[in-house]
Structures are given as C-alpha cells and as structure tokens.
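Engineer: Sequence plus predicted model, see below.
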Amino acid sequence: MKIMQTIFMVAITIIIISTTTTTTSPTFQPTTRLSSARFASRFLADKQPNPRAADHCNKDDEICYVLEGKNSTCCNNKCMDLSEDKHNCGACKKKCKFTNSCCDGECVNLAYDKRHCGSCGNKCMPGGYCIYGLCNYA
C-alpha cells in the first residue's frame, strides 16, 4: 500500500511541475483541430516547406541548371549534382560503394587514388603514390 501511495505522489508531483514550468516558444503556432478528440502535433501545424522535398523538375534539366548550377541534372524528379552526389555519381541512380566517394562524376577511393588523395582534386606529385589518403606516406 505504501508503494502505491509513493507512486501516486511522484506522479502528482511530476504533473504539477510539468504544468507550472511549461513555456511556449515565440514561434509556436496553435495546432489545428483534426477531430473532436484529437489535435495535430506542432510539427504538423508548422507551415514551413520541407528542405528535402523534391524540386519537381519533371525531367527538365534546364530548370536544374537555373536553380542549382551547370553540373545539376534532373534525377528522380529532383535536381542533383552528378559530379558530387554519392547516390547519383556521373549518371542517375549510379551509386558509389560504401568506401568510395564521388569526385568529378567518378567513384573513387580517396585513400588510394593518386588523382584524389584524401579529398577530391588533391593530386599527388608525378611519380608519387597515395596511401591512407596521404601523398607519399612513409
């Protein structure tokens, strides 16, 4: 019986503390009512556009050129940079392996490629080699 009273008192204390310390942020917008018993969460009530939403280029590369830049093309109804995107490297839906990166539209291993040693475009000197992402290591 004493355990039940303790649990009840802790629950009441938590409820009182949470109601007295609840503050609203200035950007909080009231939720809209979905039904008589349910309310939408504040995340659903937020009217800001999704930054990861598709650009809806509809296979029109000119839109991507204007929006993103000269290396951008339309893949899966989104504007993608085929020279840097690991999931669309050089062509739409061409994925690089887990250990590779996309440099200039080509999947390369930055740890051992002397044209892209450690990062894209970092060339080792002529006759040099790349090991562990460092030119002429050891």
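Structural biologist: Now that the structure is in, tell me what you want to look at.

Engineer: Look at the closest residue to Asp104 other than its chain neighbours and say how many residues are nearby.
Structural biologist: The spatial neighbour of Asp104 that comes closest, neighbours along the chain excluded (CB to CB, 6 or more residues apart in numbering), is Ser83 at 5.4 Å. (Each C-beta comes from the backbone N, C-alpha and C, glycine too.) The number of residues packed around Ser83, counting by other CB atoms under 10 Å, is 19.

Engineer: so what's Ser83 up against?
Structural biologist: Asn71, Gly90, Cys102, Cys103, Asp104, Gly105 (CB atoms under 8 Å, 6 or more residues apart in numbering).

Engineer: For the last one, the count of nearby residues, please.
Structural biologist: By other CB under 10 Å, 16 other residues sit near Gly105.

Engineer: cool, the fifth one as well?
Structural biologist: A count of neighbours around Asp104, defined by other CB under 10 Å, yields 15.

Engineer: ok, it touching Cys89?
Structural biologist: No. Using CB atoms under 8 Å, Asp104 is not in contact with Cys89, being 9.4 Å away.
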